[in-house]
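Enquirer: coordinates only, sequence not included:
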């Protein structure tokens, strides 16, 4: 089995962190192909940057999906998730979607933690879109730039740890989803100090993608996720245009 993991940001360190977790939690024999964005934001930190990243996610998926059995989104806003499910012939799993699904299996109510208060409304919208609005007790944020995860890991770890403990003590979270690709793998060093499960999106997404591949479910032939059929698009790479060229 081969799983494509895409980080549409331009930060290679994030891709490396995500890829390391993906390989650790993949089943024996599963190959991970991780790719990094070449156009767009260094790190998504706003709605506008996320809008740009949608196009790059589609381009990278079109370019690299051939020969892969599934796609995992290595970006915590699950950028272009539904569009990719519509266009691609293989399963597509979002990392925050997977983290929320994992949390729902181990807790009755849970919290979400991300970087930057400006991003909180985006994750609140994502939580509601996935149907978890009634179970997520809080979407919280720490004022940390994603790059600091790699330049000052000790401080970032301490900050994230304190926020996780606060979600438990203040909001009654029975699990915490770490919603940030730059946080990939951080749950392992924090778990012993947090009294509830910590969910890493990539660690959850890769096994879910493997499950979907093994189930061999058919692609929807009706509804909003069915392939849109023959469509004409202009000014995009040939690989992306090809995804619109025929039923999948």
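Expert: Cool, the structure landed. Being a predicted model, the structure only gives us computed values, none of them experimental.
Enquirer: please count neighbours and contacts with C-alpha atoms only from this point.
Expert: Noted.
Enquirer: ok, the closest residue to residue 199 other than its chain neighbours - how many residues close by?
Expert: Leaving aside its sequence neighbours, residue 199 sits nearest to residue 177 (Cα to Cα, 6 or more residues apart in numbering; 4.7 Å). If you count neighbours by other Cα atoms under 10 Å, residue 177 ends up with 27.
Enquirer: what pLDDT does residue 233 get?
Expert: Predicted confidence (pLDDT) for residue 233: 89.
Enquirer: residue contacts, it?
Expert: Shown here is residue 233, whose contacts under the criterion Cα atoms under 8 Å, 6 or more residues apart in numbering are 241, 244.
Enquirer: repeat for residue 127
Expert: Taking Cα under 8 Å, 6+ apart, we find residue 127 in contact with 133, 136.
Enquirer: look up how far residue 113 lies from it.
Expert: For residue 127, the distance to residue 113 (Cα to Cα, to the nearest Å) stands at 12 Å.
Enquirer: ok, residue 193 next?
Expert: Residue 193 sits 16 Å away from residue 113 when distances are taken as Cα to Cα.
Enquirer: more neighbours, these two?
Expert: Under the neighbour definition other Cα under 10 Å, residue 193 and residue 113 were set side by side, and residue 113 has more, 22 against 11.
Enquirer: so what's that one bridging to?
Expert: Applying DSSP bridges to residue 113 gives these bridge partners: residue 140, residue 178.
Enquirer: hmm, residue 175 and it touching each other?
Expert: No. In terms of Cα atoms under 8 Å, residue 113 does not count as a neighbour of residue 175; the distance is 10.7 Å.
Enquirer: not counting sequence-adjacent ones, nearest residue to the residue positioned nearest the centre of the chain?
Expert: The central residue of the chain, meaning the one whose C-alpha is nearest the mean C-alpha position (Cα atoms, centre = their mean), is residue 95 at 2.6 Å. Using Cα to Cα, 6+ apart and skipping the chain neighbours, the partner closest in space to residue 95 is residue 201 (4.3 Å).
Enquirer: how about the contacts made by that neighbour?
Expert: Taking Cα under 8 Å, 6+ apart as the contact definition, residue 201 lies against 76, 94, 95, 96, 97, 98, 99, 177, 178, 179, 181, 184.
Enquirer: any buried residues in the helix or strand bottoming out on mean pLDDT in the chain, and which?
Expert: Evaluated with mean pLDDT, DSSP states H and E, the helix-and-strand set of the chain has its lowest mean pLDDT in helix 148-151, which scores a mean of 88. Within helix 148-151, the residues that count as buried by 16 or more other Cα atoms under 10 Å are residue 149.
Enquirer: helices of this structure, start to end?
Expert: For the chain, applying DSSP state H gives helices covering 12-25, 47-64, 81-87, 95-106, 120-129, 148-151, 153-171, 186-190, 201-215, 238-243.
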